[in-house]
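A.B. asks: after the sequence you'll find the predicted model.
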Amino acid sequence: MNIPMAVGVKSNITPHLVLGFEVGARYTFEDDLDGSSPSQDKYPGLKFGNTTNKDWYVFSGFTLTYTFGNSPCYCQD
């Protein structure tokens, strides 16, 4: 389980090229996504990081899309 948050933008830069950018973050309800908090008590020295907070992960990306053919026109004449 996580709480997704993201924002992005996409725009035509030419009639056939679309450029997009997106960044997002996810708040998880666990503290062991990265293995920083082993659940076995026999490894207490292997815990690292802030073990009192839950894990987050972040992603970002650029996309460049080429469209083939003509775009359909949804105009009302």
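C.D. replies: Alright, I've got the coordinates. Numbers count the residues shown, from 1 in each chain.
A.B. asks: list the buried residues of stretch 52-69.
C.D. replies: residue 55 (16 or more other Cβ atoms under 10 Å). (Glycine included, C-beta is placed from N, CA and C.)
A.B. asks: one more: stretch 18-36?
C.D. replies: Quick answer for stretch 18-36 (16+ other Cβ under 10 Å): 26, 31.
A.B. asks: can you tell me the distance between the two ends of that stretch?
C.D. replies: 40 Å (Cα to Cα, to the nearest Å).
A.B. asks: list the contacts of that stretch.
C.D. replies: 1-13, 37-39, 47-49, 51, 53-67 (Cβ atoms under 8 Å, 6 or more residues apart in numbering).
A.B. asks: give me the sheet partners of the helix or strand encompassing residue 18 and which way each runs.
C.D. replies: Assigned by DSSP states H and E, residue 18 falls within strand 17-28. Here strand 17-28 has these sheet partners by DSSP bridges: strand 2-12 (antiparallel), strand 56-66 (antiparallel).
A.B. asks: need the ones you listed in a markdown table with mean pLDDT, can you?
C.D. replies: As requested, the strands paired with strand 17-28 are exported to a markdown table (pLDDT from 0 to 100):
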| stretch | mean pLDDT |
| --- | --- |
| strand 2-12 | 92 |
| strand 56-66 | 93 |
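A.B. asks: distance to residue 22 for those strands - can I get that in JSON lines?
C.D. replies: As requested, the strands paired with strand 17-28 are exported to JSON lines (distance: least, Cβ to Cβ, whole Å):
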{"stretch": "strand 2-12", "distance to residue 22": "3"}
{"stretch": "strand 56-66", "distance to residue 22": "5"}
